[in-house]
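K.L.:
Provide a 3D model corresponding to the input given below.
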Amino acid sequence: MPTQRLQFTEWLPDQPAMAGSLNDAKNVVPLSLGYSGFPNAENYSGSASENLNNIIVGKFGADVQVFAGGSTKLFKMDNTTLALADVSTSGGYSSTDNWQFKQFGKIVLAANNSARLQSWDIASSSNFYESSTYKTGTYSRSGTTVTVTITGHGLTTATDYRVDITSGTATDGTYTITVVDANTFTYTDTVSGTTSGNINVFTSSAPIAKYVTIVRDFVVCGHLDGGTNANKIQWSDINDQAYWSTGSTSQSDSQIIPDGGNITGLAGGEFGLVFLEKAIARLSYSGSPLFFQIDTISRGLGCLNGNSIATYGNTSFFLSDDGFYSCDGTNVQGIGTEKVDRWFFGDCSLTDLDSMTTAIDPVKKLVVWNYKAVDGKRHMIVYNWQINKWSRVETLATGVGTVASTGTTLEGLASLGYTDIDAMTASLDSRLFIGGKFLFAGFEDDKIVTFTGSTYNSEIITTDVEVGYNSVVTLARPTIDNGTATVKVASRKELDDNISFSAAVTTSSEGRASLRSFGRYHRFSIVPTGNWTNAVGIDVDITPTGTR
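P.N.:
Coordinates of the predicted model:
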């Protein structure tokens with residue numbers, strides 16, 4: 001009785017069903033040999049007061065701060081209780097128009113691939129108070145700088161300062177760089193000391209920008225002035241995010257990129273990448289007098305949506321209008337060509353592309369794109385850049401991002417929601433419980449989630465197998481490390497026949513699943529079960545039969 005060994009090779013949905021590749025790799029992670037399970041999302045933070053649309057982490061020394069953004073508010077996660085506190089200036093305080101300054105690490109806040117800028121507009125005198133007791137306060141304005149001084153306050157920390165203002169919004173933090181869609185481009189210097197503090201507003205030469213990144217020692221902005229200069233970039237002075245004026249003593253300058261359409265995103269690092277609709281340009285620091293050399297490294301191929309850009313090391317991954325690509329600053333390479341590109345555009349709801357989020361899993365070497373599918377659900381497409389293999393995930397997570405663990409002890413597990421250590425799906429040695437370790441994470445509705453749960457609903461579907469004109473399948477033996485599986489078979493006589501799988505058969509203690517299915521073409525569905533770690537392949541017994 002002939003035995004066919006079917007290795008779980010690449011998932012290539014753009015190829016024909018009989019191409020020798022997998023027809024599906026659902027809720028799994030591609031490995032060099034086979035696939036492992038994609039972990040389920042588990043709640044990590046408390047609930048925010050509105051649904052989230054992005055998360056970001058900042059780390060300065062040993063201080064870790066995790067932020068999450070909603071449609072109208074900014075939240076900061078408490079490192080002890082994991083609660084999401086509203087730190088936006090549009091609400092969450094004791095009374096209307098009270099703005100509280102808090103000191104936390106040196107953060108650049110990004111949301112939907114662009115930093116969210118919030119600004120001041122102080123129109124009248126302001127009073128300062130501690131709790132409900134008002135203190136005498138004055139402010140003076142010189143150009144665009146507002147200097148605050150209070151007397152008789154008796155305060156010792158910056159977190160105790162509050163100010164009433166007539167209108168506007170503000171960003172808490174030490175040099176928190178943000179971008180507003182209108183009005184102004186500002187940064188906020190934390191109120192420090194016991195007597196005074198400054199609210200610094202960038203000069204009028206600073207841009208209003210949709211995208212912002214850091215290239216070497218410069219803040220670089222793109223898609224300026226509310227879209228009026230959508231193909232223009234501008235950068236700050238070297239090591240000075242507050243200075244944006246050009247001149248003999250400044251390295252701040254700007255440049256229009258004339259070909260390629262509008263700027264759709266930026267990537268930073270040792271060099272910068274400017275993604276346009278139909279081009280990609282590289283920024284290389286060259287010093288005076290030009291400061292940045294700008295080279296177009298791709299013409300005719302650009303970035304479809306800035307939310308698709310993710311960078312690891314010197315390589316950026318992104319979605320163009322014909323599929324997925326990577327760029328190392330010199331070469332642009334198609335990573336989804338004839339593999340997943342056509343499948344993705346058939347699965348993705350293009351009208352909801354702005355809701356896409358992208359993140360890197362640095363541990364598993366994965367790029368993950370979360371998007372809304374045509375069926376209205378959230379899907380993720382997963383790329384392992386080391387082995388150039390893909391998989392897909394069906395998820396309840398509404399987006400992905402990066403956080404850093406805040407660290408905890410056994411005594412602190414209860415505050416994380418772990419009351420039964422034996423029931424925990426994540427090991428105590430997991431990065432989740434080691435402070436300061438970066439994690440691939442996401443968000444679901446109003447909570448931050450981590451992908452540390454058990455594997456769920458994984459399924460691998462093989463290529464179609466043909467043994468003679470007609471044949472019968474009688475047995476299947478899946479190779480699953482540390483687990484078992486259920487097996488289904490779909491047989492058909494012609495390639496245009498409907499594909500209908502049999503009932504699932506659970507493997508015996510010897511790892512065998514008894515089947516009986518007639519046809520010319522056979523494909524197998526394998527659902528790993530138990531605490532499995534690696535699904536490698538399946539052996540199937542197929543016997544040719546006669547014809548009439």
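K.L.:
Now do the contacts for the nearest residue to N305 once chain neighbours are set aside.
P.N.:
In space, N305 comes closest to L353 once its chain neighbours are excluded; the distance is 5.2 Å by Cβ to Cβ, 6 or more residues apart in numbering. C-beta: built from backbone N, CA, C; applies to glycine. Residues near L353 by Cβ atoms under 8 Å, 6 or more residues apart in numbering: L304, N305, N307, Y371.
K.L.:
S250 too?
P.N.:
Applying Cβ under 8 Å, 6+ apart, the residues contacting S250 are D237, Y243.
K.L.:
Check whether it sits in a helix, strand or coil.
P.N.:
Secondary structure state of S250, per DSSP: H, G, I helix; E, B strand; the rest coil, is coil.
K.L.:
With G272 as the reference, measure out to it.
P.N.:
From S250 across to G272, the span is 19 Å (Cβ to Cβ, to the nearest Å).
K.L.:
Which strand or helix spans R342?
P.N.:
helix 341-347 (DSSP states H and E).
K.L.:
Only the C-alpha atoms, please, for that helix, written as CSV.
P.N.:
Output in CSV follows, covering the C-alpha atoms of helix 341-347 (Å, rounded to 0.1, in the frame of the first residue of the first chain):
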residue,chain,number,x,y,z
ASP,A,341,-0.1,39.3,-2.6
ARG,A,342,-3.1,38.4,-4.6
TRP,A,343,-4.7,36.5,-1.7
PHE,A,344,-4.2,39.5,0.6
PHE,A,345,-5.9,42.0,-1.7
GLY,A,346,-8.8,39.6,-2.1
ASP,A,347,-9.1,39.2,1.7
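K.L.:
Same question for that helix: list its buried residues.
P.N.:
D341, R342, W343, F344, D347 (16 or more other Cβ atoms under 10 Å).
K.L.:
ok, then the element right after that helix?
P.N.:
Next along the chain after helix 341-347, with elements defined by DSSP H and E, is strand 357-361.
K.L.:
Show me how far the helix or strand containing P528 is from its chain's centre.
P.N.:
Per DSSP H and E, P528 falls inside strand 513-529. Distance of strand 513-529 from the chain centroid (Cα atoms, centre = their mean, to the nearest Å) equals 37 Å.
K.L.:
Partner strands of that strand and their direction?
P.N.:
strand 459-461 (antiparallel), strand 465-481 (antiparallel), strand 484-492 (antiparallel) (DSSP bridges).
K.L.:
could those strands be laid out in CSV, adding mean pLDDT and distance to R520?
P.N.:
Formatted as CSV, the strands paired with strand 513-529 follow (pLDDT from 0 to 100; distance: least, Cβ to Cβ, whole Å):
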stretch, mean pLDDT, distance to R520
strand 459-461, 97, 18
strand 465-481, 93, 6
strand 484-492, 96, 7
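K.L.:
Flag the shaky bits of the stretch 201-350 of the chain, pLDDT-wise.
P.N.:
Low-confidence segments of the stretch 201-350 of the chain (pLDDT under 70): 201-205.
K.L.:
Kindly recompute the last result at 50.
P.N.:
Where the stretch 201-350 of the chain drops to pLDDT under 50, the residues are 201-202.
K.L.:
Strands of that one, residue ranges please.
P.N.:
For the stretch 201-350 of the chain, the strands defined by DSSP state E, counting those that start in this stretch occupy 209-215, 218-224, 229-235, 253-256, 263-267, 272-276, 279-287, 291-299, 310-312, 315-320, 323-327, 332-334.
K.L.:
Out of those strands, flag the one nearest F8.
P.N.:
strand 323-327 (21.8 Å; Cβ to Cβ).
K.L.:
Strand 315-320 and the closest one, what's the angle between them?
P.N.:
150 degrees (axes from the mean of the first three to the mean of the last three Cα atoms, to 10 degrees).
K.L.:
Quick one: residues in contact with strand 323-327.
P.N.:
273, 280, 297-298, 301, 315-319, 332-337, 340-342, 344-345, 383, 385.
K.L.:
Strand 272-276 and that strand, what's the angle between them?
P.N.:
Going by the same axes, to 10 degrees, strand 323-327 makes 160 degrees with strand 272-276.
K.L.:
can I have the helix or strand where A68 lies written out in CSV, keeping just the CAs?
P.N.:
Taking DSSP H and E as the criterion, the element that holds A68 is strand 63-70. What follows is strand 63-70, C-alpha atoms only, in CSV (Å, rounded to 0.1, in the frame of the first residue of the first chain):
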residue,chain,number,x,y,z
ASP,A,63,11.8,53.5,33.4
VAL,A,64,9.2,51.8,31.2
GLN,A,65,6.1,53.7,30.1
VAL,A,66,3.4,52.2,28.0
PHE,A,67,0.9,54.5,26.2
ALA,A,68,-2.3,53.7,24.3
GLY,A,69,-4.3,56.0,22.1
GLY,A,70,-8.0,56.1,21.4
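K.L.:
Tell me the buried residues in it?
P.N.:
For strand 63-70, using 16+ other Cβ under 10 Å, the buried residues are V64, Q65, V66, F67, A68, G69, G70.
K.L.:
What's opposite the fourth one in the beta bridge?
P.N.:
F67 forms beta bridges with I56, K76, as assigned by DSSP bridges.
K.L.:
For it, give me the pLDDT.
P.N.:
Predicted confidence (pLDDT) for F67: 82.
K.L.:
So which of the contacts of L353 wins on neighbours?
P.N.:
If you count neighbours using other Cβ atoms under 10 Å, the busiest of the contacts of L353 is N307, which has 26 neighbours.
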